[in-house]
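Chemist: how would this look folded up:
(one chain, ligands or ions: 2)
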Amino acid sequence: MLKISELEAGYGRVQVLRGIDLHVDEGEVVSILGANGVGKTTTLRAISGIIPAWRGSITFDGVTFSDEVPEKRAAHGIGHVPEGRGILTTLTVGQNLELGATLRRDGPKAVKADLDRVLTLFEPLAGRLDEPASRLSGGQQQMLAVGRALIGRPRLLMIDELSFGLAPLLVKEMFAMIRSLRDEGTTFLLVEQHAGAVAISDRIYVVSGGRTILESAADKVDTDQLVRSYLGDHDADITAAATPIETDQD
Ligand SMILES: Nc1ncnc2c1ncn2[C@@H]1O[C@H](COP(=O)(O)OP(=O)(O)OP(=O)(O)O)[C@@H](O)[C@H]1O
Ligand SMILES: [Mg+2]
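Modeler: Ligands and ions are numbered 1, 2, ... in the order given. Take a look at the predicted model:
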């Protein structure tokens, strides 16, 4: 469905991506993992057209992107929940959700059906459609961001750090939701620093220094090793994973 080869990109004259190679097959959940600042967000921005690719190729559903604007890529079926969620806090919850339908061409009835589905999925939003989005908790804003993207009916949904800032129980719930949405036919490309993403993924890539340095089937990943080697000290599990080794060697 998505194939990226030798992708290079950056900001101004600063190169960030130095060779990203990855693919996502229809029906998969694929996660890009990596420490702070390695280029995960930049990769998603290049895919959705927010920044241009300098070199390499991005092919989606047989179409090779060049200078298509983000709206055009979204119309091809790419959804993007950006880092920081991109909620418009001065608008109401309902208005934010409506924005997700901007590119829909199949009429208000179909959109309403999807809205109802999102409100069933994210129950806390249901009674709050007329409230400003600024009043939602962090977790509810994350639900709103994902819900808004789902209303656009993406074939591939890219989510930048779904787990960021969420309480552990909510992370679990959101990850479980990804799995059930996948079973209903949505394909996912996730960006995560949370090692818990491995458990809901089919395959993972590790990015370091703007390059994909590792690809693996998720069930072959040694999560402790992954955290120790590539994910920095973001996760609470890390100390647990790292300490015994040092003590054993003493
Ligand atoms: N808008 C920008 N302008 C200039 N440099 C940027 C911009 N956004 C990111 N960068 C730089 O590009 C590099 C990669 O950033 P990126 O946001 O892709 O990393 P990341 O892997 O998503 O990290 P994080 O885990 O912190 O979200 C960093 O050095 C960052 O400072
Ligand atoms: Mg990021």
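
Chemist: all helices of this protein, in order?
Modeler: 40-48, 70-75, 93-99, 107-121, 123-126, 138-151, 168-183, 197-200, 223-230, 237-249 (DSSP state H).

Chemist: what residues does the chain put near ligand 1?
Modeler: 11, 14, 16, 34, 36-42, 83, 193 (C-beta under 6 Å from any ligand atom). Bear in mind the C-beta positions are built from the backbone N, C-alpha and C, glycine included.

Chemist: 8 Å - rerun?
Modeler: 10-12, 14, 16, 34-43, 45, 83, 160-161, 191, 193, 207, 210 (C-beta under 8 Å from any ligand atom).

Chemist: Drop anything exposed from these.
Modeler: Among the residues of the chain next to ligand 1, the ones that count as buried by 16 or more other C-beta atoms under 10 Å are 10, 16, 34-35, 38-43, 45, 160-161, 191, 193, 207, 210.

Chemist: Also near ligand 2: which of those residues, exactly?
Modeler: 40, 41 (C-beta under 5 Å from the ion).

Chemist: Which ones among the buried ones among the residues of the chain next to ligand 1 lie within strands?
Modeler: 10, 16, 160, 191, 207 (DSSP state E).

Chemist: For the spatially most central residue of the chain, give the beta-bridge partners.
Modeler: Nearest to the mean C-alpha position of the chain, by C-alpha atoms, centre = their mean, lies residue 159 at 1.6 Å. Counting by DSSP bridges, residue 159 forms beta bridges with residue 81, residue 190.

Chemist: How about residue 30?
Modeler: Applying DSSP bridges, one finds that residue 30 bridges with residue 189, residue 203.

Chemist: contacting residues for it?
Modeler: Applying C-beta atoms under 8 Å, 6 or more residues apart in numbering, we find residue 30 in contact with 22, 24, 188, 189, 190, 201, 202, 203, 204, 205.

Chemist: Would you mind measuring from the last one to ligand 2?
Modeler: So that's residue 205. In this view, residue 205 and ligand 2 are 15 Å apart by C-beta to the ion, to the nearest Å.

Chemist: so that residue touches residue 215, yeah?
Modeler: Yes. Residue 205 is within contact range of residue 215, at 5.3 Å (criterion: C-beta atoms under 8 Å).

Chemist: more neighbours, these two?
Modeler: residue 205 (25 against 13; other C-beta atoms under 10 Å).

Chemist: got the contact list for that one?
Modeler: Taking C-beta under 8 Å, 6+ apart, one finds 22, 30, 31, 32, 33, 212, 214, 215 in contact with residue 205.
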